[in-house]
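> build the 3D model from these lines:
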Amino acid sequence: MELDSGEFFLYDDLEIDCWDDTHLGYVLFLGLPALIVWILLLPSIILLILIRYRKLINEYSMKTKLGFLYNGFKPKYYYWEMILLYRKIFVAFIAVFMSSGNT
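Model prediction:
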């Protein structure tokens, strides 16, 4: 929550000053790495695994390991779940980071 003086405070607890040293430490050392891992790294690794084994997607051993990612699609569209995942991430990003904070 921003005050008229330009200071920012946590919306749920107005005693916590945003962007002070403690908050910045949490953002840089916990928040940013978590965003990188869960939003960029993990889906990309899954996509690379699917691309690498795309010729084996009809085999039983592959279906038991990764079939939940592509079973609902035609074999040539094995990657489509990752597109849907990135779309969900984009919508969540817009909802969280582009909101006005007036709610």
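> might you list the low-confidence residue ranges for the protein?
Along the chain, the parts satisfying pLDDT under 70 run over 1-4, 100-103.
> quick check: closest non-adjacent residue to the most centrally placed residue in the chain.
Geometric centre of the chain, nearest residue: Ile39, 3.1 Å, by CA atoms, centre = their mean. Counting by CB to CB, 6 or more residues apart in numbering, Ile89 is the residue found nearest to Ile39 once chain neighbours are left out, at 5.5 Å. Heads up, the C-betas are built off the backbone N, CA and C, glycines and all.
> do Pro75 as well
Ile57 (5.8 Å).
> give me the neighbour count for the one you found.
For Ile57, the neighbour count with other CB atoms under 10 Å is 18.
> can you check Tyr78 too?
20.
> contacts for the longest helix belonging to the chain?
Ranked by residue count under DSSP state H, the longest helix found in the chain is helix 80-97. Helix 80-97 is touched from outside by Ile39, Pro43, Ile46, Leu47, Leu50, Leu69, Tyr70, Gly72, Phe73, with contacts defined as CB atoms under 8 Å, 6 or more residues apart in numbering.
> the residue nearest to the centre of the chain and Lys74: what is the separation?
27 Å (CB to CB, to the nearest Å).
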